[in-house]
Each structure stands twice: as structure tokens, then as C-alpha cells.
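Trainee: The sequence and its predicted three-dimensional model are supplied below.
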Amino acid sequence: MPTQNGKTARLISCAGSRPSRRCLLKTAGAALAMSATRPLSLLRAQEAASAYFPRLKITDVESHEIMVPYRDFVSYQLNHYYGPSRRVIYVVRTNSDLVGLTESKSPLSQETIEKCLGQSPFDWMADETSLSLATAMYDLMGKAAGLPVYKLIGPKHRSWVPAAAWTVSTHPRRMAESVQKYAAMGYTWMKYHLSPFENVVDQMAAMQQVAPKGFRIHHDFTMGGTSDHVFELLEKISQFPIAGCFEDPLPEKDIQGYAELRAKCRLPILYHHTPLGAGHETQFRAADGYILGHSPIGDAIRHAGLFAQLDLPFSLQNTGGTITLALVTHLHAAFQTGTLHSNSLAETFSDDVVKERLEPKNGWIRVPEAPGLGLTLDLEALERLKGLRLPAQPRWIIKSRYSNGTMMYNLADTNNSIFMVRPDMSRQITLSHDAPITTDYWDPDGTPAFATMLQRLEKEGTVIEAG
């Protein structure tokens, strides 16, 4: 059943511009009901676990720093944006033979690690302090009780969970290659962060040429920051059949603007960086769906209750490898309106530390049914990736040409990857997503021309030369 602006039923929210008092009370009641029923299911699991693992306690938390190569077809652009990938794998040990697995982009504080020592994994029910450690705790709870993680959250609403691939904005031909490769891997959605150093219409045309029927693009605007008239820009993009949805197209605090844009736009508007925590925004019908980024498990559970009561679709965006993807898959299986495609970035890596792989089939990933996360640590792979040393990406120059011959140069740095999508934050220049522009990556090549331009950029900032 379509909404008034033609959007699909999956993205329908409650009717009306603002909810009634009865609707608000009903929402509050649902949240209270959830808080009352979730612990009960976990307590039953704890009772079952106690029969086999009495007085289960955390005894040690091992940390292992790893590097993992990107897949070949995305390595060029991802290395230029972010440099080589790094993350920390944690193996949480207990006074039994059970171990819990988790991962983090950066090392956890010693204070956070010490907090769990001597505790039962079940002390971390609906935790809101550390997503990383809570992931391992839910893995342990499930293994101890002989249950998959989703059964510790609530009833299963789906066995197959939608998932999207991810990349960054780059030259149109590389965007087209990513569409082809991800489609062949079984994905039907691809998300990317738009960059004003590339023309989005040119990118869409290139991707449309190679995309199989039904493939969709998720556009992340990173909360504005360009000179575009947003509604006009979204209309241009919407003309392409592969255009799927728009994330954060406006500055995050413009809640009313989101509501007005949603009423006009033919494609779904998704709100990620919500200034008021994706609560108050729902009352204004500011978006067709919501994205929770790296939310602690307890916070995600609370929001899932709110979104379910309002019939609002949402997704989780927790980035990492297969361990992170497994947690997101379990949570989406248990959340009633967790029907939007999730993002984890696991598909960008060519290797991992677990034996299992969660591969998509026509855009869906099967939720694991084995106890815990359903993953097994691959010790050989862990040691191999611990010993891997990937070369750093040196500073490079963003070399852009406009159709009238004007050249623009900017200095890129993997320590400031946000510059590629929000150059306005540097207070040097404001650009557009729809300018007649093409960009090359100028790597250090030992030439006097590169050295001279590097010196100019360090002194002047953005350099513009007339054609």
C-alpha cells in the first residue's frame, strides 16, 4: 500500500503530521512493555545456562590488533580515503571453555575492560555502556544457554535480514565497477557517501548502465554542506531507476526541513544523525526511516520498541567485520520493524578472523541459528592478520578539472577523511554535488610539479587556476 507520495509500504509511518495524545501514551506503554518482557526471556536463558555453566564468570579479555586488506575493486578508493584498515579483535574468556568474540575499530580503555572481569555475561543484559564488550557478552550468553543471540532479544520476526554493500564516492567508472562486483556477490543495495569532488549525475549514469534490474543506490549526504538546492538535486537523482533512498540530505538540526522535504520527495528520506536521538523527530514525521549508528544494545532495544509502535522502519549501522555483521543480523531478526538494509562494511574486506561467512542471497543474509553469534574463531587467520603490515597511504592531492578548463587542487589526508565528503568544514570552499567536475587522485610521484603543488597547498589551502 503506497503512501501519499508513492513510497513503498516498508517505509510507511503512522498517518498524520503529528501523533495524538493517545498515540503518545500507547508508544510509552509499548516501551514499558518491552522493558518488562525482555529481561524475562534473558532470565530464562540464564536459568538454562546455569544448569550447565554454574557461576559463569569473565576471567580474561585478550586483545589482538589486526590489519585486513580491502577487496581489490574497492581498495584504491578506500585506501585514499582512510588508509589501510585496522581493528582490534577481543576474545573474552571465562571460567569454562566458553569464549565470546567481539571487535572494535580502536582499542577499548583498560577501565572498560576491567569492568567486566569477574562478572557474569548475564550482568550485561541490555547494556548501554560498551557495544563492543556487550557483543561478546551476548555471544557468551547465547553459547551458555544453547541459543542464538536473537532469541535473547525477542521473538524472531524474520529469518532473512536485508543488508547493503558500501563504498565511497569516486570516479564514475569505479562506481560502476563496484555495482557490478557487489551485485555478483549477492547484494541488491549499495550505499555510498557523496563527495562534491565528483558529479553525482555522472556517477548515476555510469552505475545505471551496468546495474542489474532491481539494484538500488543509497545516497548518504553527510548532513549537507554544499551549495546545492537539495530538493532540485534529489529530483535529478530520482530520475534514475537505480536511485533508492536519501540519507541525511539536510543539516541534522533542521527537523522541520526534513518533514517538508519528506512530503515532497518521491523516494524515501532516512534520518541518521538525529539531534534528539531519533525520538522527538518521529513525532514530526521527519523521515520515512531511521538509522542507528553504533548504538549500544540496550539503546537499540529501546528504539526498536518505539519504532515498532509507530510502524517506522529502521536499520543498524555498526561497522566492522563478520563479527559485527553477525550481531547486526541477529538484532534485525528480532526487531519488528528492522526492515531497512543494514551496513557493516564486512563486504569490503578480503579476509576475516572467523571461519564462517555471512553471504547475501538477493540482498538478504540468513540469520545464524547456532548458539551465540554462530561464529567460530579461526586461530590461524587471527595470527596471519596480526602479523600483516599494510603500507600507509601517503598524503595525496585531489586534482579536479571543471568542464571550462578550471583546475582545482586540494590536499587529501587519510587522517582527515571527512574532507572528501565535507570540504566546507575546512572553511576553504563550498562545492556542489552537481557541478561539471571530474577528479583524479594525484599520488606522490617524485616530480617537481607534485612537490611544488604540495608546498602551495600546505601554504595556501585550496588552489584554483583558471583554464
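Mentor: The structure has been received and is ready for your questions. Just so we're clear, the structure is a prediction, and the values are computed from it rather than from any experiment.
Trainee: where in the chain is pLDDT low?
Mentor: Scanning the chain for pLDDT under 70 picks out 1-41.
Trainee: what's the residue closest to the geometric middle of it?
Mentor: Nearest to the geometric centre of the chain sits Q317, at 3.3 Å (CA atoms, centre = their mean).
Trainee: so who does T222 touch?
Mentor: By CB atoms under 8 Å, 6 or more residues apart in numbering, the contact list for T222 reads 193-194, 248, 418, 421-422. (Glycine included, C-beta is placed from N, CA and C.)
Trainee: Could you do L267 as well?
Mentor: Contacts here follow CB under 8 Å, 6+ apart; on that basis L267 touches 7, 234, 238, 243-246.
Trainee: Which one (most neighbours) among those?
Mentor: Among these, the one with the most neighbours (other CB atoms under 10 Å) is F246, at 27 neighbours.
Trainee: Report the beta-bridge partner residues of it.
Mentor: Taking DSSP bridges as the rule, F246 bridges to H219, I269.
Trainee: is it true that it touches L270?
Mentor: Yes: counting by CB atoms under 8 Å, F246 does reach L270; the two are 6.8 Å apart.
Trainee: The residue lying closest to N343 once chain neighbours are set aside bridge partners, please.
Mentor: Excluding its sequence neighbours, the residue lying closest to N343 (CB to CB, 6 or more residues apart in numbering) is Q317, at 4.6 Å. On the basis of DSSP bridges, Q317 is bridged to G293, N343.
Trainee: so Q317 touches H273, yeah?
Mentor: No: Q317 is beyond contact range of H273, at 10.9 Å (criterion: CB under 8 Å).
Trainee: okay, and the common contacts of those two?
Mentor: Counting by CB under 8 Å, 6+ apart, the residues touching both Q317 and H273 are G293.
Trainee: still on that earlier bit, which one (most neighbours) among the contacts of T222?
Mentor: L194 (25 neighbours).
Trainee: residues in contact with that one?
Mentor: Shown in contact with L194 (CB under 8 Å, 6+ apart): 169, 200, 219-222, 421, 433.
Trainee: Look up how far I437 lies from it.
Mentor: 13 Å (CB to CB, to the nearest Å).
Trainee: Residue ranges of each domain in the protein, please.
Mentor: Domain segmentation of the chain under automatic domain parsing yields 9-23+155-375, 39-153, 396-465.
Trainee: So for R389, which of those sits nearest?
Mentor: Closest of the domains of the chain to R389 is domain 39-153, at 6.8 Å (criterion: CB to CB).
Trainee: Distance across stretch 50-60, terminal residue to terminal residue?
Mentor: Distance across stretch 50-60, first residue to last, is 20 Å (CA to CA, to the nearest Å).
Trainee: That one: how far from the chain's middle?
Mentor: 33 Å (CA atoms, centre = their mean, to the nearest Å).
Trainee: so where does Y409 fall, helix or strand?
Mentor: In this structure, Y409 sits in strand 407-412 according to DSSP states H and E.
Trainee: does A211 really touch A183, like I thought?
Mentor: Yes: look at A211 against A183 with CB under 8 Å: they come within range, at 6.9 Å.
Trainee: So these two - more neighbours on which side?
Mentor: The neighbour comparison of A211 against A183 (other CB under 10 Å) goes to A211, with 22 against 18.
Trainee: So what's the residue count around R389?
Mentor: Neighbourhood size, R389 [other CB under 10 Å]: 7.
Trainee: now swap in the one 5 residues further on and tell me
Mentor: Neighbour count of P394, defined by other CB under 10 Å: 11.
Trainee: Where does it sit: helix, strand or coil?
Mentor: Classification of P394 using DSSP: H, G, I helix; E, B strand; the rest coil returns coil.
Trainee: where do the strands sit along the stretch 201-350 of the chain?
Mentor: Assignment of strands within the stretch 201-350 of the chain using DSSP state E, counting those that start in this stretch yields the ranges 216-220, 243-247, 269-271, 289-293, 314-317.
Trainee: Quick one, which of those gets closest to P155.
Mentor: strand 314-317 (17.6 Å).
Trainee: how close does G289 get to M125?
Mentor: Counting by CB to CB, the gap between G289 and M125 amounts to 27 Å.
Trainee: now the strands for the stretch 1-150 of the chain?
Mentor: Secondary structure of the stretch 1-150 of the chain (DSSP E, counting those that start in this stretch): strands at 58-68, 85-94, 99-104.
Trainee: so who does V353 touch?
Mentor: V353 makes contacts with 64, 66, 89, 321-323, 377-378, 381-382, 385, as judged by CB under 8 Å, 6+ apart.
Trainee: same check, this time on G289
Mentor: Contact analysis of G289 by CB under 8 Å, 6+ apart lists 11, 245, 268-271, 312-315, 340.
Trainee: Distance to G405 added to those, as CSV?
Mentor: Output for the contacts of G289, formatted as CSV (distance: CB to CB, whole Å):
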residue, distance to G405
L11, 43
C245, 36
P268, 39
I269, 37
L270, 38
Y271, 40
L312, 48
P313, 46
F314, 46
S315, 43
L340, 43
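Trainee: just the helices in the stretch 1-150 of the chain please.
Mentor: Per DSSP state H, counting those that start in this stretch, the stretch 1-150 of the chain carries helices over the ranges 21-52, 72-82, 110-116, 131-145, 150-153.
Trainee: Would you mind pulling up the elements that the third one packs against?
Mentor: Read it as helix 110-116. Contacts defined by 3 or more CB pairs under 8 Å, 6 or more residues apart in numbering; DSSP states H and E place helix 110-116 against strand 58-68, helix 131-145.
Trainee: and it, how far out from the chain's middle?
Mentor: 26 Å.
Trainee: now swap in the fourth one and tell me
Mentor: What separates the centre of helix 131-145 from the centre of its chain is 21 Å, taken as CA atoms, centre = their mean.
Trainee: Can you get me a residue count around the closest residue to K156 other than its chain neighbours?
Mentor: Distance criterion CB to CB, 6+ apart; nearest residue to K156, sequence neighbours excluded, is A333 at 5.3 Å. Under the neighbour criterion other CB under 10 Å, A333 is assigned a count of 25.
Trainee: correct me, but A333 touches P155?
Mentor: No: at 9.5 Å, A333 and P155 do not qualify as touching, with contact defined as CB under 8 Å.
Trainee: how near is K105 to H272?
Mentor: Distance of K105 to H272, given as CB to CB: 18 Å.
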